[in-house]
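J.: Just need the structure, nothing else, for what follows:
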Amino acid sequence: MTVDEFARREEQLLMLIHDKLKREERNLGYSRWANDLVILVRSERAAHRVMKGTMLP
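T.: Numbering: from 1, shown residues only. Alright, predicted model coming up:
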């Protein structure tokens, strides 16, 4: 693993940790498997609000 690959992986992990803390803070149900993530909300309005407030593309 090169230094650049290590730095990129470290940045990805930090983003995942930050996003996880935000979801826990907002008390959102979620499931993560490998690189897939599912966030569970009760309404379409809530889904739009969550999507607007996350770092996910």
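J.: Helix or strand next in line after the helix-or-strand element of the chain with minimal mean pLDDT, which one?
T.: Counting by mean pLDDT, DSSP states H and E, the chain has its least confident helix or strand at strand 29-33, which shows a mean of 66. Later in the chain than strand 29-33, the nearest helix or strand by DSSP states H and E is strand 36-40.
J.: Within the helices and strands, which one has the residue most central in space within the chain?
T.: Compute the mean C-alpha point of the chain, and by C-alpha atoms, centre = their mean the closest residue is Asp19, 4.1 Å away. Assigned by DSSP H and E, Asp19 belongs to helix 3-25.
J.: helices or strands up against that helix?
T.: Judged by 3 or more C-beta pairs under 8 Å, 6 or more residues apart in numbering; DSSP states H and E, helix 3-25 is in contact with no other helix or strand. The C-beta positions use only the backbone N, C-alpha and C, and glycine is treated the same way.
J.: tell me how far it is from the chain's mean position?
T.: 9 Å (C-alpha atoms, centre = their mean, to the nearest Å).
J.: just the angle between that helix and strand 36-40, please?
T.: Angle of helix 3-25 versus strand 36-40, following axes from the mean of the first three to the mean of the last three C-alpha atoms, to 10 degrees, is 10 degrees.
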